[in-house]
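**Student:** this is a predicted model, with the sequence first.
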Amino acid sequence: MDDQSRMLQTLAGVNLAGHSVQGGMALPPPHGHEGADGDGRKQDIGDILHQIMTITDQSLDEAQAKKHALNCHRMKPALFSVLCEIKEKTGLSIRGAQEEDPPDPQLMRLDNMLLAEGGPPPPPPPPASAGSSDNSIEHSDYRAKLTQIRQIYHTELEKYEQACNEFTTHVMNLLREQSRTRPISPKEIERMVGIIHRKFSSIQMQLKQSTCEAVMILRSRFLDARRKRRNFSKQATEILNEYFYSHLSNPYPSEEAKEELAKKCSITVSQVSNWFGNKRIRYKKNIGKFQEEANLYAAKTAVTAAHAVAAAVQNNQTNSPTTPNSGSSGSFNLPNSGDMFMNMQSLNGDSYQGSQVGANVQSQVDTLRHVINQTGGYSDGLGGNSLYSPHNLNANGGWQDATTPSSVTSPTEGPGSVHSDTSN
DNA sequence: TCCTATGATTAGAA
DNA sequence: TTCTAATCATAGGA
């Protein structure tokens, strides 16, 4: 059996089963019997089908003429409906299954990213907070560029959507027009529209990808921390240097000390760590160069210590005149200058502990005297300051005390701690 | 524009 | 995990 006759049989079969047709123009029901009227109808259908099947073999003019006749035929709506159903049951049902694709995860990810990036909240500031006076300017610049990208994206998207709508309308009109001559159901038109939309959404995805790339480039350009290097404030550098040179024998601040320094300098703990890391290595590499700086901070620390201790002594004498003199030459509790620094910070700052001062005030006075005597005064020449001389570095380039960095092995050494490092 | 200083990052070691 | 050492990339001054 060839295809044509099979089709004819199928059509006839569907019809004879009393299938309801589109547009309320159903075939008359068979009424349970098929007499001469039924035979006539069959013949009628057979004629139409024959005409349809042979129309492709005819010339265009002949076909046009026949098309009109077929369009006006009373059985046309019924045939239309049946043919549509056959189409549904064959190829189109396969396409229909593909329609239920879940939303593309990549597209969703891009959407989310664009949403997050283009949303109202400003981008996070760079990690370095110090010296970021022009952050707002940079952010506005960043935002301006981001807005520009978004504008381009939206313009393009609008263009695509417009084009998509135009094309969809065009296709719909075309299909509607064609549905007069061939079986195209509204459902099929709908599917076609869906296909067009999917095609356009893939174009949209490309657009989104490009936009994402542009945003990423912008981000890396504007927010890359390395590019955003800012010098710390002078005050912050001074605080860090004071700590460094006063802990020269063991310039490894504990976690607590780092936190304290970070707080004082308005920077992050990791920035403090970075700073000390850089400082240690650069100091070690070029001690001579840093000697002057070391002396400067030595003098500064000593003067601060002198003032603070003097104040503490006065305070101590006023409040507790019976404080025993715990410090005797040779056996005093000698803090290194770094601890003095932190003690002075404690005395002057927010972590003051009266009891500590009370207990150590005399030894601090002795310490100060000791240090002053040891260094031969504050105005020692270059290299003559044993307090900050590089002898703390051992032969293989490490700090003598650095074999046990405080942050690793003795994290309890915090601000204000006292130990007997006499190397200073 | 060049040079130096400096904050940040990275790989590898301990 | 922290540190060192090398390196990058930028700031800022001459």
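**Tutor:** Ah, there it is. Numbers count the residues shown, from 1 in each chain, chains lettered A, B, ... in the order given.
**Student:** the helices in the stretch 201-350 of chain A, which residues?
**Tutor:** Remark: helices assigned in the stretch 201-350 of chain A by DSSP state H, counting those that start in this stretch are A:234-246, A:255-265, A:269-285, A:287-319, A:337-348.
**Student:** ranking those helices by mean pLDDT, which is last?
**Tutor:** With a mean of 39, helix A:337-348 has the lowest mean pLDDT of the helices of the stretch 201-350 of chain A.
**Student:** distance of residue A:284 relative to residue A:297?
**Tutor:** Using CB to CB, to the nearest Å, residue A:284 is found at 17 Å from residue A:297. In short, each C-beta sits where N, CA and C put it, glycine included.
**Student:** quick one: least confident helix or strand in chain A?
**Tutor:** When each helix and strand of chain A is scored by mean pLDDT, DSSP states H and E, helix A:354-375 comes last, with a mean of 34.
**Student:** which intervals of chain A have sub-threshold pLDDT?
**Tutor:** Within chain A, the segments meeting pLDDT under 70 span A:1-41, A:90-143, A:213, A:216-228, A:301-424.
**Student:** how does chain A divide into domains?
**Tutor:** Domains of chain A are assigned by the TED database as A:77-91+A:138-228, A:234-313.
**Student:** need the helices for the stretch 51-200 of chain A, in chain order.
**Tutor:** A:60-71, A:76-87, A:93-99, A:105-118, A:135-178, A:186-223.
**Student:** contacting residues around the first one?
**Tutor:** Identification of contacts with helix A:60-71 by CB atoms under 8 Å, 6 or more residues apart in numbering yields A:48, A:51, A:52, A:55, A:56, A:58, A:76, A:180, A:181.
**Student:** for the last one, what are its contacts?
**Tutor:** The contact partners of residue A:181, by CB under 8 Å, 6+ apart, come to A:67, A:71.
**Student:** check the gap between it and residue A:69 for me.
**Tutor:** Note on residue A:181: its distance to residue A:69, by CB to CB, is 12 Å.
**Student:** same question for the fourth one.
**Tutor:** From residue A:55 over to residue A:69 the distance is 11 Å, taken as CB to CB.
**Student:** quick one: which of the two has more around it?
**Tutor:** Per other CB atoms under 10 Å, whichever of residue A:55 and residue A:69 has more neighbours is residue A:55, with 15 against 12.
**Student:** what's the burial count for the closest residue in space to that one that isn't next to it in sequence?
**Tutor:** For residue A:55, ignoring the flanking residues on the chain, the nearest one in space by CB to CB, 6 or more residues apart in numbering is residue A:63 at 5.1 Å. Using other CB under 10 Å, residue A:63 is surrounded by 16 other residues.
**Student:** same thing with residue A:150?
**Tutor:** So residue A:150, with other CB under 10 Å, has 16 neighbours.
**Student:** and for residue A:151?
**Tutor:** Neighbours of residue A:151 under the rule other CB under 10 Å: 10.
**Student:** now do residue A:292
**Tutor:** Residue A:292 - counted by other CB under 10 Å - has 10 other residues nearby.
**Student:** circling back to that earlier point, which among the domains of chain A is found nearest to residue A:42?
**Tutor:** Smallest distance to residue A:42 across the domains of chain A (CB to CB): 13.0 Å, for domain A:77-91+A:138-228.
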